[in-house]
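Peer 1: Predicted coordinates and the sequence they were generated for:
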Amino acid sequence: MHLAIFKVNHLGDNVVFLPVVQALRRRRPAWRLTLITAPHVAALYAAEVAGDGLLTVSPEGLKTAWHRPWELAAWAARLAARRIDASLVSYDQSSVAHGLAWLISGRPRVGAAGLRIRLGGTLTHEVARQPEWSMARWNWETARTLVTAIDGGRDWPAEPPRPDLTHLIAGIQRHPNRIVIHAGSKWEYTRWPLDRYAELAGRLAGQHEVIWVNAPETRCALPAGVQTRDCSGLAELTRLLASATLFIGNNSGPMHLANAVGTPGVIVSGPSDPAWDPSWDRDRYEVLRALGLACLPCDRGHFAAFRCTNDREPLACMRRWPVDELEHCCRAWLARWSAHA
């Protein structure tokens, strides 16, 4: 069995998808896997899919490949030469990914139901997300449908396990007084104000080792005592998060990575659907969500709004959280987890 897996998008989406690839590799060792993913997240999969089994392309590059027919034809020929038997297409993939799966593989071709894409009817099995499912669970149930269609899937576990990132964090020890703050995320409307993060960092730096992760959207003047770290890649960021006793940030890719390595967190969730809350050890996370706003969540499931939809009070869900309240939550969380240490 040669399985093609399409998962070309951003960090958080891949973190919550990783258990699927790891389970397929470990429970179906005879299967050959070809994974098509984005270059900046390839390190997540390095222990499971290596060498020519791992193909990378940028999300925008794949999504717009239909504008460049020669490029699309090259991808189709490259994959067809591998003699793919079946395909797994993640819930958030473009029409191009669905079309390639239809062109290069037999049956089954399994993916998500209810997508807003131009090219429908390419899948043999569609899995709809249930209201109570996290995004990790949706990935897991889609994979269950695939293995069930191929071999019955009787050994597929009921719940998705936490991703195993040992290949990235081997030897890392947790620092009991270390706080890591990542104030960024893909979209501006999902970020708590940067100046408030900076003030919070300064308040905590008096009693704790506070490390601020530099990213293009997080660079700013910081109070004395706050350390900064430039993480050159995914592996370095993962090791840093695994070394912390508390993560502070938005609902973002780094949040999901912190969750994967077991670092507790205080999260300003804002517009994000609860399906994107931390997928594992939920009791280790304080997720701050402004209740009572009729516009929430403006991101629903895997459909992002890409902007604030509250014209009357822009970014209300993020701006309603004062620094004092975040500081109180962080100190209470630190006291709780130091008692467990």
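Peer 2: Noted; the coordinates are in hand.
Peer 1: need the contact list for S185.
Peer 2: Contact analysis of S185 by Cβ atoms under 8 Å, 6 or more residues apart in numbering lists R191, E217, G249, N250, N251, S252, G253. All C-beta spots, glycine's among them, are computed from the backbone N, C-alpha and C.
Peer 1: So what's the model's average confidence on whatever helix or strand G61 lives in?
Peer 2: For G61, the element it lies in under DSSP states H and E is helix 59-63. Mean pLDDT, helix 59-63: 93.
Peer 1: what do you get for stretch 259-272?
Peer 2: On average, stretch 259-272 scores 93.
Peer 1: For it, measure first residue to last.
Peer 2: From its first residue to its last, stretch 259-272 covers 16 Å (Cα to Cα, to the nearest Å).
Peer 1: picking up where we left off before, can you tell me which of the contacts of S185 are in helices?
Peer 2: Applying DSSP state H to the contacts of S185, the entries found in helices are G253.
Peer 1: For V20, state which of the contacts of S185 is nearest.
Peer 2: Checking the contacts of S185 against V20 by Cβ to Cβ gives G253 as the nearest, at 17.3 Å.
Peer 1: quick one, domains of the protein?
Peer 2: Here the domain parsing of the chain from automatic domain parsing is 2-151, 170-340.
Peer 1: Let's have those in JSON lines, adding distance to A158.
Peer 2: Shown next, in JSON lines, are the domains of the chain (distance: least, Cβ to Cβ, whole Å):
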{"stretch": "domain 2-151", "distance to A158": "9"}
{"stretch": "domain 170-340", "distance to A158": "14"}
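Peer 1: In strands only, show me the contacts of S185.
Peer 2: Counted as lying in strands by DSSP state E, out of the contacts of S185, are G249, N250.
Peer 1: could you flag which of the contacts of S185 are buried?
Peer 2: With burial judged by 16 or more other Cβ atoms under 10 Å, the buried subset of the contacts of S185 is R191, G249, N250, N251, S252, G253.
Peer 1: Could you give the backbone dihedrals for R32?
Peer 2: phi -90, psi 130 (degrees, to the nearest 10).
Peer 1: who touches the residue nearest to it when sequence neighbours are not counted in this structure?
Peer 2: In this structure, R32 finds its nearest non-sequential neighbour in H2, 4.4 Å apart by Cβ to Cβ, 6 or more residues apart in numbering. H2 makes contact with W31, R32, L33, T34, R82, R83, I84, D85, A86 under the criterion Cβ under 8 Å, 6+ apart.
Peer 1: ok, 7 Å please
Peer 2: R32, T34, R82, R83, I84, D85 (Cβ atoms under 7 Å, 6 or more residues apart in numbering).
Peer 1: PyMOL command for the buried members of those?
Peer 2: Selection of the buried residues among the contacts of H2 in PyMOL, burial being defined by 16+ other Cβ under 10 Å:
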select buried, resi 34+82+84+85
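Peer 1: Which single one of the contacts of H2 is nearest to G121?
Peer 2: Of the contacts of H2, the one sitting nearest to G121 (Cβ to Cβ) turns out to be I84, at 18.7 Å.
Peer 1: Run through the bridge partners of that closest one.
Peer 2: S105 (DSSP bridges).
Peer 1: ok, it touching S105?
Peer 2: Yes: the pair I84 / S105 is scored as a contact, 4.1 Å apart, by Cβ atoms under 7 Å.
Peer 1: which residues are in contact with both of those two?
Peer 2: Joint contacts of I84 and S105 (Cβ under 7 Å, 6+ apart) are A4.
Peer 1: Could you pull up the contacting residues of E141?
Peer 2: V127.
Peer 1: check which helix or strand covers it.
Peer 2: Judged by DSSP H and E, E141 forms part of helix 135-151.
Peer 1: what does the helix or strand hosting S87 contact?
Peer 2: Here S87 sits within strand 86-89, counting by DSSP H and E. The contact list for strand 86-89, computed with Cβ under 7 Å, 6+ apart, reads 1, 3-6, 97-98, 101, 105-111, 123, 142-143, 146, 150.
Peer 1: Narrow the residues you listed to those in strands?
Peer 2: L3, A4, I5, F6, R109, V110, G111.
Peer 1: what number of residues lie near G114?
Peer 2: Counted with other Cβ atoms under 10 Å, residues neighbouring G114 total 12.
Peer 1: For E141, see how far away the spatially closest residue to it that is not a sequence neighbour is.
Peer 2: Spatial nearest neighbour of G114, chain neighbours left out: A128 (5.9 Å); criterion: Cβ to Cβ, 6+ apart. Between A128 and E141 the distance is 9 Å, computed by Cβ to Cβ, to the nearest Å.
Peer 1: my guess is L33 meets V49, correct?
Peer 2: Yes: using Cβ under 7 Å as the test, L33 is close enough to V49 to be in contact (5.3 Å).
Peer 1: Okay, now the unreliable bits of the chain?
Peer 2: Across the chain, the ranges flagged by pLDDT under 70 are 293-296, 299-306, 308, 338-341.
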